[in-house]
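Chemist: missing the sequence, but the structure's below:
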């Protein structure tokens, strides 16, 4: 309904899912002095299930998420569940109609929830919202061939003047930039890669924050690319690792 394309959700194999939870648990137990947090973001097929055709065969994503959360070390890791806040705002533009990613609006909503758990003040920074394109066509459109005439906008939340920028280093590519965004990507089929230049094995972010020495190590997939800029004003350094492409020693 409402022109949405969705990627079918199939529950992961229990054995593989349990193995991932075990790896996360082992990593946490190796470093008990570090604060650990975990957030599993639901996809559009979950939050916008009312848009699906009746009787469509999709697995229960909530059930799979609950099971995974239960496998994680509750005693050393704080769980962050954003399903409630997303469901409360499901009539807003939380997911692209032609792409499997969430929108910047959804990322900001969840950032405010995450901030309360991390102990940071989400109101310390104010933002101006600017559309950087109104011609975005997402991956689901290209994969399916449906609704090829649909074009969407991508919004970017820019901190209001007075907040200095960060240095973003793509370690494998040996490239540095003073922005979280690559506007050249908007002219390609991968418009969502405007955020953090897409996916990279490791990204190091050095911020101008001098009043603390907080360092954040963030393991992520592409959903985090539009989420990470909201964290920058609160940490002196952020190390971003995408485990799908990172093969060095995490320890």
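Modeler: The structure has been received and is ready for your questions. As the structure is a prediction and not an experimental result, all values here were calculated from the model.
Chemist: how about the strands in the protein?
Modeler: All strands of the chain, identified by DSSP state E, fall at 36-39, 77-80, 127-136, 152-159, 167-170, 175-177, 202-206, 215-219, 237-241.
Chemist: and the third one, what does it pack onto?
Modeler: In this case it means strand 127-136. Applying 3 or more C-beta pairs under 8 Å, 6 or more residues apart in numbering; DSSP states H and E, we find strand 127-136 packed against strand 152-159. In this view, the C-beta of every residue, glycine as well, is placed from N, C-alpha and C.
Chemist: pLDDT below threshold where in this structure?
Modeler: The chain contains residues with pLDDT under 70 at 161-164.
Chemist: could you verify my assumption that residue 130 touches residue 158?
Modeler: Yes - in this structure, residue 130 is within contact of residue 158 by C-beta atoms under 8 Å, at 6.1 Å.
Chemist: sorry, back to before: residue 25 is nearest to which of the strands of the chain?
Modeler: strand 77-80 (8.1 Å; C-beta to C-beta).
Chemist: sheet partners, orientation included, of that closest one?
Modeler: If you go by DSSP bridges, strand 77-80 pairs up with strand 36-39 (parallel).
Chemist: how near is the residue nearest the centre of the chain to residue 101?
Modeler: Relative to the mean C-alpha position of the chain, the nearest C-alpha, by C-alpha atoms, centre = their mean, is the one of residue 224, at 2.3 Å. As judged by C-beta to C-beta, to the nearest Å, residue 224 and residue 101 stand 10 Å apart.
Chemist: ok, residue 138 next?
Modeler: With C-beta to C-beta as the criterion, residue 138 and residue 101 are 7 Å apart.
Chemist: anything in contact with each of those two?
Modeler: Both residue 138 and residue 101 are contacted by residue 192, under the criterion C-beta atoms under 8 Å, 6 or more residues apart in numbering.
Chemist: for residue 130 and residue 158, indicate the residue with more neighbours.
Modeler: residue 158 (15 against 10; other C-beta atoms under 10 Å).
Chemist: spatially nearest residue to the more buried one, not counting backbone neighbours?
Modeler: residue 128 (5.2 Å; C-beta to C-beta, 6 or more residues apart in numbering).
Chemist: could you list the residues in contact with stretch 94-112?
Modeler: 2-5, 7, 39, 41, 43-44, 47-48, 82, 85-86, 89, 92-93, 122, 127, 129, 136-141, 147, 150, 152, 154-157, 192, 222-223, 226-227, 230-231.
Chemist: ok, back up a step: residues touching the residue nearest to residue 158, list them.
Modeler: Taking C-beta under 8 Å, 6+ apart, one finds 157-160 in contact with residue 128.
Chemist: and those residues as TSV, adding distance to residue 107?
Modeler: As requested, the contacts of residue 128 are exported to TSV (distance: C-beta to C-beta, whole Å):
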residue	distance to residue 107
157	9
158	14
159	15
160	18
